[in-house]
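S.K.: quick one: sequence and predicted model below, then my questions.
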Amino acid sequence: MAGQARIDDALERWIFEQVRAGSPPEAVLKPLLDRGWQEQAAIDAVEHALRGFVEQREREDGLPPASRVPAPLGLNDASSLRAGDREVRVVSQLRHPRVIAFANVLSDDECDALVEMARPRLSRSATVNMATGGDEVHVGRTSQGTCFARGANALLQRVEDRLSRLLDWPLENGEGMQVLRYGVGAEYKPHHDYFDPAQPGAGVLLERGGQRVASLVMYLNTPSRGGATTFPEAGFEVAAVKGNAVFFSYDRPHPMTLSLHGGAPVLEGEKWVATKWLRERAHR
Ligand SMILES: O=C(O)CCC(=O)C(=O)O
Ligand SMILES: [Fe+2]
């Protein structure tokens, strides 16, 4: 068997049982090495069995499977990232939930132009009704908003191209941009952006590009007080500062991602944001 990467079912079951019993990886590796396995082949075999173990446990726990998620290209502790036509700065990061705060995502002029584009189109923000997959006005969401089709004009095209490069995620997987305005007292109560697969309305939404797997909320102005984006389960808040953005990803539609977030009430001034939701596949 020396050097062979293939393992038969009996051996896989044995590795699996060792892992289940809590044996450390070295203890599982040793018998394989003793049987003449090359080290890398043995590591690969154990990793494969471990992955199977984790996936089985997830199924047993009723967890939906994990998806690939967007992630900034070449992050590697860099303090700034080239995103097509713009240098975006990395301000802070959390690993779990996965949150990254960016600065300099949009120029002041771009922020102002997005606000002016949205202003005449505002209506009371709707939330997805998970029972039907349709939109409805919701008391937890006291902002006004509007949505633009992807690539609807040159500004949106430029920004969407930049975001696709920044997050290394296909442009077609992005939903059209949503712009929201919050006046004093308006807020968006903590929620998840993914669609709850257990709800009857999910099917209709998932047909168009699969799950949402990440969100980018861009701040189009700086409210005088209040209006941070909050992650209550992480005790973390990102201040709304013009041109900055908060990115967060969630690899499965489950609260274990800790991606619960909200827009805190605006206390003084107003707050404008543009939100980009990213899907698993092309959104049509
Ligand atoms: O306004 C915010 O800070 C959050 C917006 C948000 O959660 C959303 O648009 O889904
Ligand atoms: Fe949200």
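M.R.: Ah, there it is. Ligands and ions are numbered 1, 2, ... in the order given.
S.K.: count the neighbours of the residue of the stretch 151-284 of the chain found nearest ligand 1 for me.
M.R.: With Cβ to the nearest ligand atom, the shortest gap between the stretch 151-284 of the chain and ligand 1 falls at G263, namely 2.9 Å. All C-beta atoms are positioned from the backbone trio N, CA, C, and that covers glycine. Counted with other Cβ atoms under 10 Å, the neighbours of G263 add up to 26.
S.K.: so which elements touch the stretch of helix or strand F16 belongs to?
M.R.: Using DSSP states H and E, the element containing F16 is helix 9-20. In terms of contacts (3 or more Cβ pairs under 8 Å, 6 or more residues apart in numbering; DSSP states H and E), helix 9-20 is packed against helix 25-34, helix 39-60.
S.K.: point out the one among those helices that comes closest to ligand 1.
M.R.: Using Cβ to the nearest ligand atom, the helices and strands packed on helix 9-20 put helix 39-60 closest to ligand 1, at 26.2 Å.
S.K.: report all helices and strands that the closest one contacts.
M.R.: Counting by 3+ Cβ pairs under 8 Å, 6+ apart, helix 39-60 packs on helix 9-20, helix 25-34.
S.K.: mean confidence for it?
M.R.: Across helix 39-60, pLDDT averages out at 83.
S.K.: looking at it, D85 is touching R162, isn't it?
M.R.: Yes: using Cβ atoms under 8 Å, D85 is in contact with R162, at 6.2 Å.
S.K.: neighbour count winner among these two?
M.R.: R162 (18 against 10).
S.K.: the more buried one - that's part of a helix, no?
M.R.: Yes: per DSSP: H, G, I helix; E, B strand; the rest coil, R162 lies within a helix segment.
S.K.: per-residue confidence for E136?
M.R.: So E136 comes in at 65 (pLDDT).
S.K.: the residue lying closest to the residue of the stretch 151-284 of the chain closest to ligand 1 once chain neighbours are set aside pairs with what?
M.R.: Closest residue to G263 apart from its sequence neighbours, by Cβ to Cβ, 6 or more residues apart in numbering: Y188 at 3.7 Å. Beta-bridge partners for Y188, by DSSP bridges, are R141, G263.
S.K.: where in the chain is pLDDT low?
M.R.: 1-7, 126-127, 136-137, 139 (pLDDT under 70).
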